[in-house]
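Student: any chance you could fold what I've pasted below:
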Amino acid sequence: MPALVVPPGWPGAVRPPDAPQWEATAASWLLDVCPPEYRGYPTLRRHLVLLARFAVLHVEAMQAAARRGLSEARGELRAVASDVVVDEAVQTWLAEDARLAGLRREVGLVEDAVRGARYRARL
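Tutor: Modelled structure (predicted):
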């Protein structure tokens, strides 16, 4: 039996592709990544590939929102907050953008695996 391998950035809560119950762990994790309303859509619960695609698009939308918030922070917040608070907001947007970049990698890897990609160990 080939070894079960995952690439760097694979989410820890998702079992490796082809491991027992890996798709169930992927679905559970993807639902946690998505808005809670997604749990109410039977189509997403029945079709893992659709859920994965929805999760990717959701994370990409959050990335766009974080980048917009970062680009507008100084101009928009200067009128309602002190420079210290604006700087704190900028740092928060930067941290969120970094978190979302990692999450985007994770959901992308899971989507690729759901679509059939498999990974091999590299020396």
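Student: host element of residue 109?
Tutor: For residue 109, the enclosing helix or strand under DSSP states H and E is helix 83-114.
Student: elements contacting that helix?
Tutor: With contacts taken as 3 or more Cβ pairs under 8 Å, 6 or more residues apart in numbering; DSSP states H and E, helix 83-114 sits against helix 22-33, helix 48-77. In short, each C-beta sits where N, CA and C put it, glycine included.
Student: which other helices and strands contact the longest one?
Tutor: For helix 48-77, the contact count by 3+ Cβ pairs under 8 Å, 6+ apart identifies helix 22-33, helix 42-46, helix 83-114 as packing neighbours.
Student: looking only at pLDDT, what's the mean for the second one?
Tutor: Right, the one you point to is helix 42-46. Helix 42-46 shows a mean pLDDT of 97.
Student: flag every buried residue along it.
Tutor: Within helix 42-46, the residues scored as buried using 16 or more other Cβ atoms under 10 Å are residue 44.
Student: show me what that helix is packed against.
Tutor: Partner elements for helix 42-46 (3+ Cβ pairs under 8 Å, 6+ apart): helix 22-33, helix 48-77.
Student: buried ones in the longest one, by neighbour count?
Tutor: Residues 48, 51-56, 58-59, 62-63, 66, 69-70, 73, 77 are the ones in helix 48-77 that count as buried (16+ other Cβ under 10 Å).
Student: quick one on the thing from earlier: burial-wise, tell me which of the helices and strands packed on helix 48-77 comes out on top.
Tutor: For the helices and strands packed on helix 48-77, the largest average neighbour count (mean count of other Cβ atoms under 10 Å) is found in helix 22-33, namely a mean of 18.
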